[in-house]
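J.: need the 3D shape of this:
(2 chains)
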Amino acid sequence: MTGAPPGPVLLHAGLNLDHATREEAEQVESDVFGFWVFLMSDAVVFALLFALFGTSLEATAGGPDLAGVVKLGPAFIETMLLLASSFTFGMSSIMLKRGAKPRLALHLRPAVLWLALTWLLGIAFLGMEVNDFATMAQHGATADRSFFLSAFTVLVGTHGLHVLTGVIWLPVLLLQLASGGLDRPLKVNMIRLSLFWHFLDIVWIAIFSVVYLQGALR
Amino acid sequence: MNDPSLATFLLGQLSWGALPFVRAWRDPNVSEIIGAGAGVIVVLGAVGAIALITWLRAWKYLWTEWFTSLDHKKIGIMYVVLAGVMLTRALIEAVLIRTQQAVAINAPGYVEPGHFAQLFTTHGSIMIFFMAMPFLTGLMNYVVPLQIGARDMAFPYLNSVGLWLTAGGAGLMMASLAVGEFSTGGWSGYPPYTELAFSGGIGPDYWIWAVTLSSLGSVTVGINIVCTIYKLRAPGMTFLRLPLFCWTSLCTAILMIFAMPALTVATLLLAADRYAGMHFFTDDGGGNMMNYVNLFWLFGHPEVYIVVLPSFGVYSEVISAFSSKELYGYKSLVIATMAIAVLSFTVWLHHFFTMGQSASVNAAFGIATMTIGIPTGVKIYDWIWTMFRGEVRFTPPMVLSMAFMMTFVLGGFTGIILATPPLDYMMHNTLFLVAHFHNMLIPGTLYGLLAGYMYWFPKAFGFRLNERWGWVSAVCWISGFYLAFFPLYVLGASGMARRTQEVFDPAFRPWLLIALFGAFVLLTALATLFVQLYVSIRDRQANAVPVGDPWDARGLEWSVAAPPPEWNFATIPHVGDRDAFYWRKRAGGAYRPADHYRDIELPKESACGVIIGIAAAACCFGLVWRIWWMAVLFGVIVVATVIVRSFMRNVIKTIPAAKVEAADRRWLAKAQAAQPIPREQEQSGLNQGRAKIFPQPTPRHA
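T.: Residues are numbered from 1 along each chain as shown, chains lettered A, B, ... in the order given. As a prediction, the model looks like this:
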C-alpha cells in the first residue's frame, strides 16, 4: 500500500508527512506516542516535587519563608517569556506543517526564524531564573539553609534544568536541519521537542500559581 | 602524587584503605578476610572472563553479535544472563547472612556488624534491582514482540540503552565489592541513617547511584513495552486476543512508568542532601524523613507488583500449555491483572503502619491492602480451573507453577496478618515480615521467572533443557524455600528482630539451623540450575527442537523456528482468534510458505547504547568517590553520545526477500520432515518441535 491514503489528507499535528505510506505514518505515530508516555512519567516527577514543596512551606528552620524569597515581578516576566516561546514554537510547527517555502538567500525557512526566536526566549528565561537564584543567594536564601529552600530550589531548578535541556536540544535539531534537511526522523524529533517545550510551559504555569502567586498572597 | 591536593583532585576520596585486600592485610580477621575474598572473586571473575573471551577470540563476535545488537531477542537474553550472575552473588550473600545468625548465638559470629549490614543491604538491593528486574525485563523483551506478531520493540535503540544502564548499575554493585564498601542502610536506604551525619562513608552513594541507574533503565523499559503493545500488534491481535503474558507485561510496564519516577526522586533527593547539604530528609534544617519513606514506598509497593505480575503471566502461559487447555476465565484474569495494577498504588502506607499515622489512616490502608487479595484469589482459581480435566504434564515449569499456587496462598495469609495494623504493631521489624515477603517473592517472582526461563528456553536456543535436572532444581527451590523461611515465621512471632547480627536467645538455635540448612538447599538449587544448563548444552543435538513448538503450545511465539530468525516472522501473521497458533495448527494452516516474501527492515547494530551505559556507570563511580573530573567527563560523554546518535540516519538494515525466503523454506523443510510428537512423548528425544495434532472438538466460541 503506497501513495497517499484515500480521502482528505490528514495533516498530523505539527507535521507534514508528505504522502507517507500507512506503515510510515504508523511508525511516526508510535514514535510520538512514546514521547507522550515519557512526558507522563516526567509529570510524575514534577507532581512529587510539588507535593514535597507543599509539605515544606512551614519547614523554614528560622530562615527565609516563601513570602520572603518570592518576587512576583521577575516571575511574571519569566512567565510571559515562556508563554511567548510556546507561541513562537507553535508558529514554527505551523510553518513546518504547511511546508512553507524557504525565504531569503540563506534558505532560511520561516520555521527556522521562529525557532531561533523560541531559543532566545528560552535563554532569556534561564538568564532571569539564574539571576533570581543569585539574588536569593545574596540574601542567604540557599538550598542548604532549610527543607523549604531545598524543596523550592529543586522544584524550580528541575524545571529550569528541563528548559536547559530544551535550549540544548533545539540548536541540535537546527544543525540537523542544516546538515540533512527536513527528513522524517527530524520531523519526529521536532514534534517531540515541541511537546516537551509546551509541557514545560504547563509545568511553569503550575509553578507560577503554586509557588509565586502563593508567595505573593501570603 | 606527593601533592595532596593533586591526589585529591585525581582520586577524590579513593585511597588504599578503600581496597578490601588492603584492609584485610592491615587488620586480618575473618570478617575482613571474607570481604577481601569477595573482592578477589569479583576481580578474578572479571579478569577470568576477559581472559577467556580473549582466549576464545570472541571479542569481535560478542561485540558485533551481542553487545551492540538492537535485536530484542538478544537484548532479552543478555538481561537474563545479567540476572543470573547477580542471582548467584545475592544468593551466596543470603547463605552468609543465615550462617552468621545461626552461629552468632551469644557469640560474635564471623562477620562484624558493619559487614553484616552490607550483606543484607546488597542482598536485598541486588535481588530486587539487579536480579528480579533484569530477569523479568529479559523475559518481556524476548517474548512480547514474538507473542504480538512484531519484528522488534517500538524503540530498539532505547532498549539497548536501558540494558546497558542496568548493566552499568550492576557494575557499580560489583565494583563496591572490590573498591570501598557498600551502604549499611538496607535495600530501602532510609534516612536519616543514610544521611552524611550517620553514614559518612561512600557506602550509601554506591547504593544511590546503582539504584538510580537501574530505575532510569526501568523507565525506558516501561515506555518501550507499553508502546510495543499499544502500537505494534499484528493485524487482528485485538486487546482481548493478547496472550496473558502480554497483559501482565503491559500492566508491569505501566507500573514502571508511573512508579519508577518516585524512586528516582527519592534517591536523587537523598543525593542532594548528601552532596549539596540540602535538608530534605535530615534531622536538622526542617527536614522530614517521612517524605522519603512515602516517596520510597510510593515506588516500593507498585514495585512488588512489577516483579510479581510478569510471573503471573508466565504461570498463565505455562499452566495453559501444559494442561492443553485454553485459559479458564481469560477476561477475569485480564480484569484481575488491571485491578492489581491499579490497587498497587493505593496501599503503600502499609509499609509503615507504625510510623505515626492515625488509626483511621492505618485502617483505610489496611483494608485497601486486603482488597488486593481478591483479584489475586480470582487468578488462583482461574489457574486451578485451567488445570481441571486438562492433560496436565508435570514438566519442571509446571511443577514450579503448582508449587507457586500453594506457597503463594500461604504467603497471602500471612500478608492478611500483617495488613491488620494492630497485628503489624506486633510483627513489624521481625523475621515474620522477612518470612512473609520472601514467601511472596520467591514463589511469586522467582519461581515464575525460572518457569519462564525453562518454558521459553527451547524457543530461544533451539533445544530443550534437561528435564531430570529441571525437576531436581525445582524440588530444591521448593523444599529449600520452605526450610529456609518457614522457621523465620516462628522466629519472628517469637520476637526475633530482622537484620540482627547477634542473637541472644538460645531457644532460637534449632530454627536458625533449619533455616541455614534451607539456605544451603537453595544454593544447591541454583547449582543444579547451572548443571541443567551444562548438561543441556552438552546434549543439545539430542534435544534439538528446530521446528519450534515442543509443547503443543498456543501463542504466536511458537509458530516460528527455534531459535527464531532475526526478523521473527517472514510475513506478519494475521490473527483471528485468541491462542492464534493453537487453532491455526488445528485448522491445518501452520507451516505454510508465504505468498510473497518481501524485504524486511531491521534496526542496525549500534554501539551507542553500550557507550552510554558504560559512561553513565563511570560518571556515577566518579560521583561516588567525589572524583569530579571523572563525573563531568563521562557525563559529557553520555550527553554527547545521545546527540551524535540523533544525527545518524543510516540506522536501518534491509534483509533481502531472497534471504528471508531461503531461511523460511529451510525451516519449512525441517518442519515437513519432523515427526509430529504426541504430548506424552514431548520429553523424549523424538521431540523435534512439531506437535502431533489430534482431532479435537472445535473452537470454543461458536
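J.: so what's residue 79 up against?
T.: I'll assume chain A. A:Thr79 makes contact with A:Trp204, A:Ile205, A:Phe208, according to CB atoms under 8 Å, 6 or more residues apart in numbering or on different chains. Any C-beta I mention is one placed from the backbone N, CA and C, and that applies to glycine too.
J.: nope, chain B please
T.: B:Pro134, B:Phe135, B:Thr137, B:Gly138, B:Asn141, B:Leu163, B:Thr166.
J.: any idea how far it lies from B:Tyr534?
T.: From B:Tyr79 over to B:Tyr534 the distance is 21 Å, taken as CB to CB, to the nearest Å.
J.: with B:Thr194 instead?
T.: Applying CB to CB to B:Thr194 and B:Tyr534 gives a distance of 41 Å.
J.: those two: which has the busier surroundings?
T.: B:Thr194 (27 against 12; other CB atoms under 10 Å in any protein chain shown).
J.: closest point of chain A to chain B, which residue?
T.: Nearest to chain B in chain A, going by CB to the nearest CB, is A:Ala59, at a distance of 3.1 Å.
J.: assign that residue to helix, strand or coil.
T.: coil (DSSP: H, G, I helix; E, B strand; the rest coil).
J.: hang on, isn't it packed against B:Gly287?
T.: Yes - in this structure, A:Ala59 is within contact of B:Gly287 by CB atoms under 8 Å, at 7.4 Å.
J.: got any residues that touch both of those two?
T.: A:Phe147, B:His279.
J.: which of the two has more neighbours?
T.: Counted by other CB under 10 Å, A:Ala59 and B:Gly287 do not tie: B:Gly287 has more neighbours, with 25 against 21.
J.: roughly how far apart are that one and A:Thr55?
T.: For B:Gly287 relative to A:Thr55 (CB to CB), the value is 11 Å.
J.: how about B:Ile416?
T.: Taking CB to CB as the measure, B:Ile416 falls 32 Å from A:Thr55.
J.: what pLDDT does the model give the residue in the stretch 201-350 of chain B that chain A sits nearest to?
T.: Evaluated by CB to the nearest CB, the stretch 201-350 of chain B has B:Gly286 as its residue closest to chain A, separated by 3.1 Å. On the pLDDT scale, B:Gly286 is placed at 94.
J.: below-threshold pLDDT in the stretch 1-150 of chain B: ranges please.
T.: B:1-4 (pLDDT under 70).
J.: again with chain B
T.: B:1-4, B:695-702.
J.: identify the residue nearest the geometric centre of it.
T.: For chain B, the residue nearest the mean C-alpha position is B:Ala132 (2.4 Å; CA atoms, centre = their mean).
J.: next up, the contacts around that residue.
T.: B:Ala83, B:Val307, B:Leu441, B:Thr445, B:Leu446, B:Leu449.
J.: determine which two of those residues are furthest apart.
T.: B:Ala83 and B:Leu441 (14.0 Å; CB to CB).
J.: quick one: which of these two has more around it?
T.: B:Ala83 (26 against 20).
J.: residues contacting the residue positioned nearest the centre of chain A?
T.: By CA atoms, centre = their mean, the mean C-alpha position of chain A lies nearest to A:Trp197, the distance being 2.5 Å. Neighbouring residues of A:Trp197 by CB under 8 Å, 6+ apart: A:Ser85, A:Ser86, A:Phe89, A:Thr118, A:Gly166.
J.: quick check: the fourth one touching A:Leu170?
T.: So the one you mean is A:Thr118. Yes - counting by CB under 8 Å, A:Leu170 is a contact partner of A:Thr118 at 6.8 Å.
J.: out of the two, which sits in the busier spot?
T.: More neighbours surround A:Thr118 than the other of A:Thr118 and A:Leu170, with 25 against 22 (other CB under 10 Å).
J.: quick one: secondary structure of that one?
T.: A:Thr118 - assigned by three-state DSSP - is helix.
J.: for it, give me its contacts.
T.: Going by CB under 8 Å, 6+ apart, A:Thr118 touches A:Ser85, A:Thr88, A:Phe89, A:Ser92, A:Leu170, A:Trp197.
J.: which of those residues fall within helices?
T.: A:Ser85, A:Thr88, A:Phe89, A:Ser92, A:Leu170, A:Trp197 (DSSP state H).
J.: quick one: which of those has the lowest pLDDT value?
T.: Among these, A:Ser92 has the weakest pLDDT, 89.
J.: picking up where we left off before, redo the contacts of A:Thr79 as CSV? Include secondary structure and pLDDT.
T.: Compiled in CSV, these are given as follows (DSSP: H, G, I helix; E, B strand; the rest coil; pLDDT from 0 to 100):
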residue, secondary structure, pLDDT
A:Trp204, helix, 97
A:Ile205, helix, 97
A:Phe208, helix, 97
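J.: list just the nearest of those to B:Ala615.
T.: For these, the nearest to B:Ala615 is A:Trp204 (31.2 Å; CB to CB).
J.: in three-state terms, label the nearest residue to that closest one once chain neighbours are set aside for me.
T.: Leaving aside its sequence neighbours, A:Trp204 sits nearest to A:Leu82 (CB to CB, 6 or more residues apart in numbering or on different chains; 5.1 Å). Following three-state DSSP, A:Leu82 is assigned to helix.
J.: thought A:Leu82 was touching A:His198?
T.: No - in this structure, A:Leu82 is not within contact of A:His198 by CB under 8 Å, at 10.0 Å.
J.: the more surrounded of those two?
T.: Set side by side, A:Leu82 and A:His198 show more neighbours around A:Leu82, with 24 against 16, by other CB under 10 Å.
J.: in contact with that one: list those residues for me.
T.: A:Leu121, A:Phe125, A:Val163, A:Leu200, A:Asp201, A:Trp204.
J.: mind giving me the ChimeraX select for the residues you listed, buried ones only?
T.: Per 16 or more other CB atoms under 10 Å in any protein chain shown, the buried members of the contacts of A:Leu82 correspond to this ChimeraX selection:
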select /A:121,125,163,200,201,204
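J.: which of the contacts of A:Leu82 lies closest to B:Ala276?
T.: Nearest to B:Ala276 among the contacts of A:Leu82, with distances taken as CB to CB, is A:Val163, at 20.1 Å.
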